[in-house]
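Here is a sequence with its predicted model. Questions after.
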Amino acid sequence: MSQTLAINGGQPAVPESIAFHKWPPPLDESGEQLILEAVRQNNHSGGGPHVRQLEEEFGAWNGNRHVIATCYGGAALHMGIAGCDVGAGDEVITTALSWTTSATCIIHHMAVPVFVDVDWESMLLDPARIEAAITERTRAILVVHYWGVACDMDAITAIARKHGLRVIEDACQAHGSLFKDRKAGTMGDCGAFSFNQNKNLCGGEGGIFVTDDDEILAKAKAVMSFSDMRPADAGRDYHQYGLGFKYGHGNLPAAFALAGLRRLNMTNAWAIENWHQLDSLLADTPHLVRSFSTPDQPTNGYAYVLRADPKYAANRGVPLSDLTDGIAAALRAEGTPFSRAKWLLPAHGVFQAKNAFGKGAPWAHYARPDIDYSLGQWPVAQDCIDTCLWGINLHRPPNRSEQIEALATAIRKVFENLDQVPVANPEPRPQENRA
Ligand SMILES: Cc1ncc(COP(=O)(O)O)c(C=O)c1O
C-alpha cells in the first residue's frame, strides 16, 4: 500500500499507545527468591552452590555430560579451542560471518582462523566450501549457529570425520536451537553458550562450556584458573601449572542465569511464537528477504533478521549498504529501531593487520606465510553484512501480538514504499572489496 513514510513526514506506523518491552521479561517470585538465597549464603566464588546447580540443570536441560559455567561465552569458546588440542600455528576453519569472539577465541590460543563463506539463504557456514579450506595444519571446524539457527551438522560432521578434525559448536546464540531434532551443543565435540544480556538465556554476563568427552574436558579445564589438570579429588595447591585464565563464574550471576534457565522453555516458546507470527505477517512483502527457519533448522526465536533483496539496490542504482542505512533510518522513524549487523569477521583490524599480541603474533611466528585475509574472498558474507538489520527487543517476550502486529506494519510499510527511502549515495561505488 502506498503511504508517506514517517522519515518523509508521514504518520509513524507504530502508534504512541504501543510500547516495545525490553528483553528479558522481569523475574517471577521464585526467580527473585533464588537470587535472595544466593545473596544470603556465603560462598560467592566459582565453587558456589548456585554455580554447581546451574551446571547440573543446564547439563540435564541440554543433554551434556560435562558442563562448566564460565564468566562469559568467549571463555567457554577458548576452552573449546584448548580442549580440542588446537595449538600455536594450527588452523581452525570458521565462518566469515559472526560476532567477533567466534574468531578471536582461536587467536587466544595462538592458532589462526581460516574463514569460509556462508550460504545466502541461511547465513550459516556453507558446508560445500569447507573442504577447499582444509590444509595439513587444520585441526578443527568452529561452527556458529548464527542468529539462533543451527548449522547443517550432518554435512559438517561428515567432513570433519573424513579429515580427522574436531568440531566446536559456537552455540552462544543457540540455546534450544535444533538440527533435525538434535540440540545445539550436543552435535560436535564440544560447545559454548553465552548468557550475556541479549541471549535467550540472559544472566547479565556469563557462559557455559559443554562436552561429553573426558579428554576434551581435561584439556579445556587447563585454561581455567591455575591450569590445574590434576584429578578433582587432588584438591587445590595454588600452583600455576600452565597458562590459565580466571574463567569461572561467580555464584550470584550464576543464580540469575539459573532463574532464567528454569523458565527458558517458556521464554523460548514465546519468542518462537512471536517470531512466526511476525514472519507470517511479512509474507509476500516486496524486496524483503525474510528471516531463515526450516523444519530441519528451526529458529530458537533469537533474532528476526531483515535483509533487502540486493537486486532491488542494483536496479535502483544504489549501493546495498547505503540502501540499508536508509531502511534503518526509515524503520526508526516508523517507531521500530533496528540495528546494522556489520560483522564480517576477517574485516576486523586484528585480522587485517595480522597482529593480535604485538609484533605480528601469532601469525608472524606460527602461521603459514601464505595465509591471506584480503577482502573479496567472502562475497556472500559481504552481501549479508551490507544488508542485515536486526533487533531483539521488538519481537522477544514480554512483547505480545499487539507489538508484533505493529512491528510487521512498520516493516511492511517501509518495504512496500522502498522507492521513497532516502539513500545518501545515489551513485554506485566501485565494487571494492569484492572478488
Ligand atoms: C555467535 C557468538 N559467539 C560468541 C559470543 C560471545 O559471547 P560473550 O559475549 O558471552 O562472550 C557471542 C556474543 O555476542 C555471539 O553472539
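Received it, and whenever you're ready, just let me know what you need.

When you work out contacts or count neighbours from here on, use the C-alpha atoms and nothing else.
Fine.

Find me the pLDDT at the closest residue to the ligand within the stretch 151-300 of the chain, would you?
The ligand sits closest to Ser194 of the stretch 151-300 of the chain, with a gap of 4.0 Å, by C-alpha to the nearest ligand atom. On pLDDT, Ser194 comes in at 98.

gap between it and Trp99?
For Ser194, the distance to Trp99 equals 12 Å [C-alpha to C-alpha, to the nearest Å].

Which one's more surrounded, the two?
Using other C-alpha atoms under 10 Å as the criterion, Ser194 and Trp99 rank with Ser194 on top: 32 against 17.

Pretty sure Trp390 is one of the things Arg307 touches, is it not?
No. When contacts are counted by C-alpha atoms under 8 Å, Arg307 is not listed as touching Trp390 (9.0 Å).

show me the contacts for Val51.
Contacts for Val51 (C-alpha atoms under 8 Å, 6 or more residues apart in numbering) come out as Ala69, His249, Gly250, Asn251, Ala254, Ala255.

Which strands and helices lie in contact with the helix ranked longest in the chain?
Longest helix in the chain, counting residues (DSSP state H): helix 264-281. Applying 3 or more C-alpha pairs under 8 Å, 6 or more residues apart in numbering; DSSP states H and E, we find helix 264-281 packed against helix 401-416.

quick one, the helix it packs on and helix 264-281 angle?
Counting by axes from the mean of the first three to the mean of the last three C-alpha atoms, to 10 degrees, helix 401-416 lies at 40 degrees to helix 264-281.

on that earlier part again, who's in contact with the residue of the stretch 151-300 of the chain closest to the ligand?
Shown in contact with Ser194 (C-alpha under 8 Å, 6+ apart): Tyr72, Gly73, Gly74, Ala171, Cys172, Gln173, Leu201, Glu205, Gly206, Gly207, Ile208.

Give the phi and psi angles for it, as a check.
In terms of degrees, to the nearest 10, the main-chain angles of Ser194 are phi -110, psi 150.

do the same with Ala60
phi -70, psi -40.

for Gly191, same thing?
Torsion angles, degrees, to the nearest 10, at Gly191: phi -150, psi 170.

That one bridge partners, please.
Beta-bridge partners of Gly191, counted by DSSP bridges, are Glu169, Val210.

my read: it touches Thr211, true?
Yes. Using C-alpha under 8 Å, Gly191 is in contact with Thr211, at 6.5 Å.

Settle it for me: which of these two has more neighbours?
Gly191 (31 against 27).

got the contact list for the more buried one?
Listed by C-alpha under 8 Å, 6+ apart, the contact partners of Gly191 are Ala76, Leu77, Gly80, Ile168, Glu169, Asp170, Ala171, Gly185, Phe209, Val210, Thr211.

C-alpha coordinates for the host helix or strand of the first one, CSV please?
Secondary structure assignment for Ala76, by DSSP states H and E: helix 73-83. Presented in CSV, the C-alpha positions along helix 73-83 are these (Å, rounded to 0.1, in the frame of the first residue of the first chain):
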residue,chain,number,x,y,z
GLY,A,73,30.7,-17.1,26.4
GLY,A,74,34.1,-16.3,24.8
ALA,A,75,35.8,-18.0,27.7
ALA,A,76,33.8,-21.2,27.0
LEU,A,77,34.8,-20.9,23.3
HIS,A,78,38.5,-20.5,24.3
MET,A,79,38.1,-23.6,26.5
GLY,A,80,36.7,-25.4,23.4
ILE,A,81,39.8,-24.5,21.4
ALA,A,82,42.2,-25.7,24.1
GLY,A,83,40.0,-28.7,24.8
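
rewinding a little: neighbour-wise, which one of the contacts of Gly191 leads?
Most neighbours among the contacts of Gly191, by other C-alpha under 10 Å: Leu77, with 35 neighbours.

residues touching the closest residue to it other than its chain neighbours, list them.
Using C-alpha to C-alpha, 6 or more residues apart in numbering and skipping residues adjacent in sequence, the residue nearest Leu77 is Ala192, 5.4 Å away. Taking C-alpha under 8 Å, 6+ apart, we find Ala192 in contact with 73-74, 76-77, 80, 169-172, 185, 207-210.

same thing with Ser374?
Residues near Ser374 by C-alpha under 8 Å, 6+ apart: Gln352.

which residues of this protein fall in strands?
Shown for the chain, the strands assigned by DSSP state E span residues 66-70, 91-95, 112-116, 138-144, 166-170, 178-179, 182-183, 190-194, 207-211, 288-289, 307-308, 339-340, 389-390.

Would you point to the one among the ones you listed that's packed deepest?
Stretch with highest mean neighbour count among the strands of the chain: strand 190-194 (a mean of 31; mean count of other C-alpha atoms under 10 Å).

between that strand and strand 138-144, what angle do the directions make?
40 degrees.

And strand 190-194, how far out from the chain middle?
When C-alpha coordinates are averaged (C-alpha atoms, centre = their mean, to the nearest Å), strand 190-194 and its chain have centres 11 Å apart.

Before we move on, what's the pLDDT of the closest residue in space to Ile159 that isn't next to it in sequence?
Once flanking residues are discounted, Ile159 sits nearest to Glu131: 7.3 Å by C-alpha to C-alpha, 6+ apart. Looking at Glu131, its pLDDT stands at 98.
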